[in-house]
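1. Attaching a predicted model along with its sequence, questions to come.
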Amino acid sequence: MIYEASPLAVTIFMVFVGATLALSFYLGARAKSASGFFAAGGQIHWFINGIAFAGDYLSAASFLGICGMIAFYGYDGFLYSIGYLAGWVVALFVIAEPLKRLGRYTFADALDSQFNSKGIKLSAAISTLVVSIFYLIPQMVGAGALVKPLLGFSHATGVLLVGTVVTLIVVTAGMVSTTYVQFIKGSLLVTFSAVLTVMILNRGFEVPAGPEQARRIGPTPIGQPLPGGAPLASVPDEPGWEGRPYVRFRDTQTGELRVWRKAGEGQDPALGWEAQTVTLRDGKKFINGLPQERTPRWDLEPMGHVSRLPSGEMQTGELGPFEFLSTLQQSEVVVWEKDSATVKEPDGGVTTVYFPRPTTGKEILRPGNLPSFKGIRSDKVGDKLNFLSLMLALFGGTASLPHILIRYYTVKDQASARKSTIVGIASIGFFYVLTLFIGLGAMTSGGLDFTNSNMAAPLLARSFSEWLFAAISAIAFTTVLGTVSGLIIAASGAVAHDLLSSFLRLEMTDHVKVRCAKIASVVVGLIAIALGIVFENMNVAHLVGWAFGIAASANLPSLIMLLFWKGTTKQGIAASVTVGMLSALAWILLSADMYKDIYGWPAASSPVPFSQPGIVTIPLGFVVLVVVSLLTKKKTPA
Amino acid sequence: MSHFDHAPAEQEPYDEADARRRARLGLILFAVYFVLYAGFMLLNVFAPQEMERTPLAGINLAILYGFGLIVAALLLAFVYAWLCRKPTGGQP
C-alpha cells in the first residue's frame, strides 16, 4: 500500500489533534478536584453524555476492526456490530440506574456500597486495571495502524505518539475534557461515516475493464506480459515451490517476479489467477521479487474488485441501501487470501503468497467465513462454542467495561443515566448499520490493502479523495485518543481511589488523590504503549472480543447478583470478581490465537479447546458467587 | 463551564417503589431482547443455511435479522424511556 505522508492529511490530522489538546488544556484549568477529575463533577448533560458514550464505545475496534473484518471476510464482521450493540440493552435495562444510585467515582464504589469490604475494593480495582489494559491494547494497535499511512511513521512510532498525546490529555483535565472531546468525536465519526456510506451508494459497483484492469480480477493467460511490457522468462521450480499450485515468471526488463496460481480441476489449464508475494530475506523485504524500495508503491498492489455483476453489466450506477445489498448478493467479488503455507526459498528467504479467490456474493454475505467462525458450519457442537462464547461476551461485556461504567457518574441523576444510554444506543446503533456498507464498500473499492485489515475504512475513504481519507483518519485517530483517555481515567481511578484511598486507607487530600491518579495515568500509558507494539499484527476487533470476555467474566456476575439476589455476600463478590477475571485471563493466554500470533508456537499445542472464554468463565463467575455466598452467609448476615 | 469543579451531584431522593417498578420493567424488556438475540445466535450456529435464504427484497436472513436486532434495541429503549416517564406517585 502507498504509505507515504500526504501534506494535506498531515495538516488536517494536526488540526484535529491540536484542537483536542487545546480543549483539554482549556477544560483542565477548570477541574482540579477528585470529583472533577474522575466524574466531571456529575454535571454533564445527558445528551452530551449519550454522544460521549458513542465516542467512548466507537473506538478503533468498532471503526477499524469491524470494517476491516467485513472488508476481508464479509458478513462475519457485522456479527461483532450486532453483539456490541446488544450489550447496551444490558447496560440500559439492568445496570444503568442502580449503578448511578450506588456508586460515586468507580465501579468498585458500586460493588462495595453495601459492604465496605477491603476484599471487594481490591478485587474490583485489579479487575478494572486488567480489563482497562486489555481494552487499551487494541486501541493502541489501531492508532499505530492509522498513523502508518497517514504520517508515514512506523507502527511503534505511531503507538508512542498516541500514548504520549493521550497521557497528556488525561493528566491535564481528566473526565471533563475526555467527555467533551468524545462528544465532538462521536458526532464527527457518525456523521462522516454516514457521508462515506452515501458516497459508497452513489458510486455503486463496477467491474474493472481493459487489459490492465482485467489482471485484477482474472483469470488471465499464465505468463502473459503486461500490455506494452517486456516479455516474461519462466522461472524453474526450486525446492520450496515444487508441488505448489504456482507458476513463476520474471519480467526481463524490470526483474519483477510474477506468479500465477493455477486454475482448479475442470478449468482451462492455460489460465490462472495472478498472485502477489512478500519475501523476507536477511531482514530485508522483497515485494514480488524486488527490494521494497525499488517497487512503485513500497508494498503490494491494492486490490478488491467486483468481478461479475448480476446481469453481466459492467457498472450499476447509484444504488439504494437495500439494492446495494441485494446486488452484491447476486454478484461475484475477488477476495484475496494469504496462503497459510509459506515458501522456504533455497537462499534462506521466506515467501508469503497472497492469491485472489473469486467468491460469490451469497457466500460473502453469509455467516461462517471468518477463520475463527468457521466452526459455525462444523457438525461438532464443540466447534460452535467459540462463536457462542464470543457473542455471549459481547452481550455481557459492554455493561461491565470500566470506562463505560464510570460515565454513569458524570450525569446528575438516574433519569439522566437512562436518557444518556438511550442517546448512546441510537447513535451507536446507527453507526453499526453503516459499518456493513463501509466494510462491503471497502471490499469492492479497489483500494484494499489485503495485508492489513485494520486499514480498510481509511483506505476506502482514500479511494474517493485524499481529503476524505485525511478527515476519516484524523477522526478515527482522535476517537482512539478519546477511548484511550477514558480507559486511562478508569485505570487511574482504580489505583488512586480504590487501591490507595479505599483499600490501603491512605489519608489523602483531594489534590494528592488527583496527583496519584495522574502518576497512575502515566504508568498505565507506558504499559499500553509497550503492549500496543507487541500486538501489532492482530485484528483489533478480535482483541476487543477478549477484553469483553474478561470484563463480562470478572464484573457481570457480581453486578447482576448484587442487584438481584439478597443472599450475595462480600466474600461472594470478591471471589467471583477474582475467579472470573483470572479464569478468563488464563484461558486467553493459553488460547491457540495467542500461541500462534504472539508466542510463535504451534496453535495445535494450545490446551484450551476454543479461543473465547466467556461461555465457560461467565457462568463460572456466577457459580463461584453463589457457592461462596452460601458458604459465608452466616458469618455476614445481610 | 465553571461548574466542573463542583462536588459530586447531590444524592437524588430515592423512591424505592419506583426504582423497583423500573427494575422490573427493565428485566421484562431485557428478557424480550434476550430471546431475540438468543434466537439469532442459535440460528447462526445450528441452522446456518437458513441465514442464506433471501425472504425479502433479495436480502438474506442474516442481514435482515441483524438489522432487526439493532432496530429492536432502539425500539425497546424508547419503550422503556416512555414507560419510565409516566407519573408514578402512589403506585406500588
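-> Done, it's in. Numbering: from 1, shown residues only, chains lettered A, B, ... in the order given.

2. As a check, name the ranges of all helices in chain B.
-> Using DSSP state H, the helices found in chain B span residues B:16-46, B:61-85.

3. Quick one: check the helix or strand of chain B with the lowest mean pLDDT for contact with chain A.
-> Across the helices and strands of chain B, mean confidence by mean pLDDT, DSSP states H and E is lowest for helix B:16-46: a mean of 88. Yes. Helix B:16-46 comes into contact with chain A (C-beta under 8 Å from any C-beta of the partner chain), by way of B:19, B:22-23, B:26-27, B:29-30, B:33-34, B:37, B:40-41, B:44-46. Just so you know, the C-beta spots here come from the backbone N, C-alpha and C atoms, and that holds for glycine as well.

4. top of the residues you listed by neighbour count?
-> B:N44 (26 neighbours; other C-beta atoms under 10 Å in any protein chain shown).

5. what sits against the closest residue to that one other than its chain neighbours?
-> Counting by C-beta to C-beta, 6 or more residues apart in numbering or on different chains, the nearest residue to B:N44 once its immediate chain neighbours are dropped is A:P367, at 5.1 Å. Applying C-beta atoms under 8 Å, 6 or more residues apart in numbering or on different chains, we find A:P367 in contact with A:Y75, A:D76, A:L79, A:F373, A:I376, B:N44, B:P48, B:M51, B:A62.

6. In the longest helix belonging to chain A, which residues are buried?
-> Longest helix in chain A by number of residues (criterion: DSSP H): helix A:118-151. Using 16 or more other C-beta atoms under 10 Å in any protein chain shown as the test for burial, helix A:118-151 gives A:119-151.

7. coming back round to it: gap between the residue nearest to B:N44 and A:G186?
-> A:P367 is 29 Å from A:G186, where distance means C-beta to C-beta, to the nearest Å.

8. got a list of what the residue lying closest to A:S378 once chain neighbours are set aside touches?
-> Spatial nearest neighbour of A:S378, excluding adjacent residues (C-beta to C-beta, 6+ apart): A:K384 at 6.6 Å. By C-beta under 8 Å, 6+ apart, the contact set of A:K384 is A:G375, A:I376, A:S378, B:V45, B:F46.

9. rewinding a little: the longest helix of chain A: how far from the chain's middle?
-> Relative to the chain's own centre, helix A:118-151 is displaced by 12 Å; criterion: C-alpha atoms, centre = their mean, to the nearest Å.

10. do the same with stretch A:56-75
-> 6 Å.

11. Next: stretch A:299-310.
-> 24 Å.

12. does any part of that stretch sit near chain B?
-> No. Counting by C-beta under 8 Å from any C-beta, chain B is not contacted by stretch A:299-310; separation bottoms out at 9.3 Å.

13. Check stretch A:70-87 too.
-> Yes. Judged by C-beta under 8 Å from any C-beta, stretch A:70-87 comes into contact with chain B through A:Y75, A:F78, A:L79, A:S81, A:I82, A:L85, A:A86.

14. Excluding sequence neighbours, find me the nearest residue to the residue in the stretch 301-450 of chain A that chain B sits nearest to.
-> Nearest residue of the stretch 301-450 of chain A to chain B, counting by C-beta to the nearest C-beta: A:S326, 3.1 Å away. Spatially, and ignoring its direct neighbours in sequence, A:S326 is nearest to B:G58 (3.1 Å; C-beta to C-beta, 6+ apart).

15. what residue ranges in the stretch 351-500 of chain A score low on pLDDT?
-> With pLDDT under 70 as the threshold, the stretch 351-500 of chain A has low-confidence stretches at A:382.

16. what is the mean pLDDT for the helix or strand hosting A:V333?
-> Following DSSP states H and E, one finds A:V333 within strand A:332-338. Taken as a whole, strand A:332-338 has a mean pLDDT of 87.

17. Show me what that strand pairs with in its sheet, parallel or antiparallel.
-> Strands adjacent to strand A:332-338 in the sheet, as given by DSSP bridges, are strand A:305-308 (antiparallel), strand A:350-360 (antiparallel).

18. what residues does that strand touch?
-> A:72, A:216-218, A:303-308, A:352-361, A:364, A:443-444, A:448, A:450-451.

19. hmm, try it at 6 Å
-> A:217, A:303, A:305-308, A:354-360, A:444, A:450 (C-beta atoms under 6 Å, 6 or more residues apart in numbering or on different chains).

20. ok, the helix or strand following it: who's next to it in the sheet?
-> Heading C-terminal from strand A:332-338, the first helix or strand you meet, by DSSP H and E, is strand A:343-344. Note on strand A:343-344: by DSSP bridges, its sheet partners are strand A:350-360 (antiparallel).

21. Only the buried residues of the strand it pairs with, if you could.
-> A:T351, A:T352, A:V353, A:Y354, A:F355, A:P356, A:T359.

22. Check stretch A:562-575 too.
-> A:L562, A:L563, A:T568, A:T569, A:K570, A:Q571, A:G572, A:I573, A:A574, A:A575.

23. on that earlier part again, so can I have CSV of the strands paired with strand A:332-338 showing distance to A:A91?
-> Below are those laid out as CSV (distance: least, C-beta to C-beta, whole Å):
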stretch, distance to A:A91
strand A:305-308, 39
strand A:350-360, 37
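
24. List just the one of the ones you listed that sits closest to A:L631.
-> Evaluated over the strands paired with strand A:332-338, closeness to A:L631 peaks at strand A:350-360, with 54.6 Å, by C-beta to C-beta.
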